[in-house]
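**Q** After the sequence you'll find the predicted model.
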2 protein chains.
Amino acid sequence: MNTFTEENYLKAIYHLSTQHDSVSTNQIAASLNTRAASVTDMLKKLADKRLINYERYQGVTLSPQGEKVALSIVRKHRLWEYFLVEKLNFKWDEVHEVAEELEHISSRDLVDRLDEFMGHPKFDPHGDPIPDKNGHFKANELKPVSSLSVNTTGIISGVREHSPAFLQYLEKIKLVIGKEIKVCEINSYDHSITLLLEDEMLYISRDVANNLLITL
Amino acid sequence: MNTFTEENYLKAIYHLSTQHDSVSTNQIAASLNTRAASVTDMLKKLADKRLINYERYQGVTLSPQGEKVALSIVRKHRLWEYFLVEKLNFKWDEVHEVAEELEHISSRDLVDRLDEFMGHPKFDPHGDPIPDKNGHFKANELKPVSSLSVNTTGIISGVREHSPAFLQYLEKIKLVIGKEIKVCEINSYDHSITLLLEDEMLYISRDVANNLLITL
DNA sequence: TTAAAAATTTAGATTAGTCTAAAAATAATA
DNA sequence: TATTATTTTTAGACTAATCTAAATTTTTAA
Ligand SMILES: [Mn+2]
Ligand SMILES: [Mn+2]
Ligand SMILES: [Mn+2]
Ligand SMILES: [Mn+2]
């Protein structure tokens, strides 16, 4: 088995890989709040274990084996988040830190039974897809609200930013997953947006619009 | 906060303390499958943190602070075991190892909400009492079946031995928690016992009788 | 009450993960 | 292309938890 730390590195590499082709030492260091030198050490170890493809100075990618491990961590993380919200009445901004711990519980049986218990949910509380036991999932086709043009509608389906502050803000203005919105006006100066949400007009900044994802 | 390892030491000392007044280095080493030298190192650290009372060569006891921590670990362990059996359909012999990991999840909120979700259970699947959030619990007055005399009855309420092999055996012969038994005959040669369980006669060894606990 | 046995502690290493500072390689740019 | 800036790696050190082997203390029992 892999250590806690190894799992966190693999997960970080996995997440960074969804945005960049190859992942750099510095990117990993930033995402794990650690130092580049520590990352290099760990990359050597993960390469020895055939979990990543790594050549000095060239960045890394996950090996098929490493991706499998990463996906199992992501699966656990998202299933636990779903459990916390749906069964234990946590708020969506309260679950991430707890799931960061729960995702390392090793029992395969546990996660599969948990999945069963909850009826095989497909998305976590933030709209992120939950891989099945084979690591498969279908991602929604998501676009930031900021990419919509005036008079188009969409359904809130995910977030790009997971900080409690952002999630709490969305909750406060009732911009939560599942709601339909319509873009009414785009301010051409600062790209802020006025939208229609359940018969109410709502004003959001460009920043918010960038981090809020919808399906058409 | 305390590390996993520190928590495991405190828990081990707690359990050993229920049987002996003061706990020895070797007892801890045996219970944690580690070496006496390692235990000594850890005892120094725990003493520095005021979690135990320790004087070289004299054995240890938990400080009030240390007992509080130990009880919170025990609470989490037993609540998770209950959850696994009652909600996820684990068997009572399958939960201990998983709970050994889950007991270290730190979120206070999580364990309290889990407790709430399950309706504040008082006993875990093995009949062990679950401390409440203040560390309080009332233990049943338990006696081994081997201490009963002929023609007395009792309700199976706990086990002294938690190995999967023992638990599976009990399950197989349907000697599970909640059932009423009556002692019919005690073999004076080997102290094996014949008892009545739901109109069926059942024969158990002295060893089993010693590790099976009842309330009157 | 002393000698042997058992328990415990100390000394010195090892491994995982981390760090800072310095060196080396790569990328950017003049 | 040559120089500078940035990124990455190496070197060397530190902490937590562990180990074996040796020394010390306590216990047992002759
Ligand atoms: Mn999360
Ligand atoms: Mn999430
Ligand atoms: Mn247990
Ligand atoms: Mn138990």
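**A** Thanks, I have the structure now. Ligands and ions are numbered 1, 2, ... in the order given.
**Q** who touches stretch A:125-138?
**A** Contacts of stretch A:125-138 with the rest of the structure, by C-beta atoms under 8 Å, 6 or more residues apart in numbering or on different chains, involve A:67-68, A:71-72, A:74-75, A:78-79, A:81-82, A:85, A:92, A:95, A:111-112, A:115, A:120-124, A:139-140, A:142, A:156-159, A:162, A:167, A:177, A:213. (Glycine included, C-beta is placed from N, CA and C.)
**Q** pull the CA atoms of it into CSV?
**A** Taking Å, rounded to 0.1, in the frame of the first residue of the first chain, the C-alpha atoms of stretch A:125-138 are listed here in CSV:
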residue,chain,number,x,y,z
PRO,A,125,-22.0,18.3,-3.4
HIS,A,126,-19.9,20.6,-5.6
GLY,A,127,-21.0,19.0,-8.8
ASP,A,128,-17.8,17.1,-9.4
PRO,A,129,-18.3,13.6,-10.8
ILE,A,130,-17.8,10.5,-8.6
PRO,A,131,-15.7,7.8,-10.3
ASP,A,132,-17.3,4.3,-10.0
LYS,A,133,-15.4,1.4,-8.6
ASN,A,134,-13.5,0.9,-11.9
GLY,A,135,-12.5,4.6,-12.0
HIS,A,136,-15.0,5.5,-14.7
PHE,A,137,-17.1,8.6,-14.7
LYS,A,138,-18.8,10.8,-17.2
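**Q** Just the element for A:Leu195, please.
**A** strand A:193-197 (DSSP states H and E).
**Q** Give the other helices and strands that that strand contacts.
**A** In terms of contacts (3 or more C-beta pairs under 8 Å, 6 or more residues apart in numbering or on different chains; DSSP states H and E), strand A:193-197 is packed against strand A:180-186, strand A:200-204.
**Q** Could you check how far the closest residue to A:Val74 other than its chain neighbours is from DNA strand C?
**A** Counting by C-beta to C-beta, 6 or more residues apart in numbering or on different chains, A:Val74 lies nearest to A:Pro131, which is 6.1 Å off, once chain neighbours are set aside. Distance, A:Pro131 to DNA strand C, using C-beta to the nearest atom of the strand, to the nearest Å: 24 Å.
**Q** and the helix ranked longest in chain A with DNA strand C, contact?
**A** The longest helix of chain A (DSSP state H) is helix A:64-86. No. Helix A:64-86 stays clear of DNA strand C (C-beta under 7 Å from any atom of the strand), getting no nearer than 13.4 Å.
**Q** Now the element after that helix, going C-ward?
**A** Helix A:64-86 is succeeded, C-terminally, by helix A:96-102 (DSSP H and E).
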